[in-house]
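A.B. asks: Here is a sequence with its predicted model. Questions after.
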Amino acid sequence: MALPFAPKISPLMKRHKRGDFSCGKKPLNDYLQSRASQDMKRGLAAVFILEGGNEADIAGFYALSALSIEAGDLTEFAAKGLPVTRPVPCTLLGQFAVHEKWKGHGVGAWLLGHVLLNVTVHAGKVGSFALIVDATDDEARAYWRHSGFIPFPATPNRLFLPMKTLKKWLEKQ
């Protein structure tokens, strides 16, 4: 998908103008502006920036970290064959946002495609059964559902996309 600028992904760095970022959701803005760099320093998350226009502008960002779940938390179909005596490794997409000025220009779809490719490569090196997201509101939940994510039965705002499904999608591309 072509973007209105040459896309470049990089880890969050000091050069990025975090204070200029606004996605319309205060918790996501606050995370990027106040906590993202600390999470990176502490090894709690890897934060990636989609640079827009120039290397200081932030068109969007996402944060990934490790997470373990219990197989019993998944749908019965998804849990089939998973170990029940130990946690199941997954990847958490903890933050995902696009700057307001780029909404409606395909930036979100491009960024999600980068996330999916990145976690698939990661899952080939470090075991990960699924990509998990926590929807912060109904709008976010609808977005993730539209993108193919499946709600956890007991926690409908927590959704997952099995890596085997993701790999099949990417093989078709």
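C.D. replies: Perfect, I can see it now.

A.B. asks: for this structure, what helix or strand is lowest in average pLDDT?
C.D. replies: Here the helix or strand of the chain ranked lowest by mean pLDDT, DSSP states H and E is helix 76-79, holding a mean of 78.

A.B. asks: Only alpha carbons, please: show that one as CSV.
C.D. replies: The C-alpha atoms that make up helix 76-79 are tabulated as CSV, following Å, rounded to 0.1, in the frame of the first residue of the first chain:
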residue,chain,number,x,y,z
GLU,A,76,-12.0,-24.0,23.0
PHE,A,77,-11.1,-24.3,19.3
ALA,A,78,-8.0,-22.1,19.6
ALA,A,79,-6.8,-23.9,22.8
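
A.B. asks: Outside of that helix itself, list whatever touches it.
C.D. replies: Ala71, Gly72, Ala130, Ile150, Phe160, Pro162 (Cβ atoms under 8 Å, 6 or more residues apart in numbering). All C-beta atoms are positioned from the backbone trio N, CA, C, and that covers glycine.

A.B. asks: List only those of the residues you listed flagged as buried.
C.D. replies: Ala71, Ala130, Ile150, Phe160, Pro162 (16 or more other Cβ atoms under 10 Å).

A.B. asks: Output those residues as a markdown table; include the columns secondary structure and distance to Leu93.
C.D. replies: Formatted as a markdown table, the buried ones among the contacts of helix 76-79 follow (DSSP: H, G, I helix; E, B strand; the rest coil; distance: Cβ to Cβ, whole Å):
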| residue | secondary structure | distance to Leu93 |
| --- | --- | --- |
| Ala71 | helix | 20 |
| Ala130 | strand | 11 |
| Ile150 | strand | 14 |
| Phe160 | strand | 10 |
| Pro162 | strand | 14 |
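
A.B. asks: Any chance of CSV for those, columns pLDDT?
C.D. replies: Converted to CSV, those look like this (pLDDT from 0 to 100):
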residue, pLDDT
Ala71, 86
Ala130, 94
Ile150, 94
Phe160, 95
Pro162, 93
